[in-house]
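Chemist: Provide a 3D model corresponding to the input given below.
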Amino acid sequence: MNEVESSAGATRRVMVDWAILLGLVAMIALLGVAMLGGGRATADAPVLVIAPPWGAGAAAIVAAAGGTALGPIEAPFATLARFEETVPVERMRALGAWSVRDGAALANICGVN
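Modeler: Reported below is the predicted structural model:
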């Protein structure tokens, strides 16, 4: 086997490895969305508010929008919250939230009511 054939084989292996890695990353991302709940946030049910950690934080966004943070701990990127009225998704996005999702499944896993 000459040097050109060896180089082509190595390049092909690297491309296959990257394709496999990209597929795994896509599967993990889709699984994460499925676990966190792909549904819309509803009133009087736990919602997951995701916000950048360099801003005021998800808990501050929830408080400014009139909600109540659930649980004793706030994650750097997100917090579980509850709203008695309609969930103000657009208001929270205007305040800096990246996303507001149904948080019922995650609340059950975390033991938060």
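
Chemist: okay, CA-based contacts and neighbour counts for the rest of this
Modeler: OK.

Chemist: Against residue 85, how distant is the residue nearest to residue 84 when sequence neighbours are not counted?
Modeler: Of all residues not flanking residue 84 in the chain, residue 44 sits nearest, at 5.0 Å (CA to CA, 6 or more residues apart in numbering). Distance, residue 44 to residue 85, using CA to CA, to the nearest Å: 7 Å.

Chemist: Give me the domain ranges for the chain.
Modeler: 1-36, 47-110 (automatic domain parsing).

Chemist: low-scoring stretches of this structure, by residue?
Modeler: Residues of the chain meeting the criterion pLDDT under 70: 1-6, 26-40, 42.

Chemist: all helices of it, in order?
Modeler: 3-36, 58-64, 89-94, 104-110 (DSSP state H).

Chemist: got CSV for those, with distance to residue 74 too?
Modeler: Compiled in CSV, these are given as follows (distance: least, CA to CA, whole Å):
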stretch, distance to residue 74
helix 3-36, 16
helix 58-64, 7
helix 89-94, 17
helix 104-110, 12
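
Chemist: Let me know which of those helices is tucked in deepest.
Modeler: Of all these, helix 58-64 carries the top mean neighbour count, a mean of 21, counting by mean count of other CA atoms under 10 Å.

Chemist: Show me what that one is packed up against.
Modeler: Here helix 58-64 touches strand 47-50, strand 68-69, strand 78-82, going by 3 or more CA pairs under 8 Å, 6 or more residues apart in numbering; DSSP states H and E.

Chemist: Send me it as CSV with only the CA atoms.
Modeler: Taking C-alpha atoms only, helix 58-64 is exported to CSV below (Å, rounded to 0.1, in the frame of the first residue of the first chain):
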residue,chain,number,x,y,z
ALA,A,58,-34.2,32.2,35.1
ALA,A,59,-35.5,32.7,38.6
ALA,A,60,-35.4,36.5,38.2
ILE,A,61,-37.2,36.3,34.9
VAL,A,62,-39.9,34.1,36.5
ALA,A,63,-40.3,36.6,39.4
ALA,A,64,-40.5,39.6,37.0
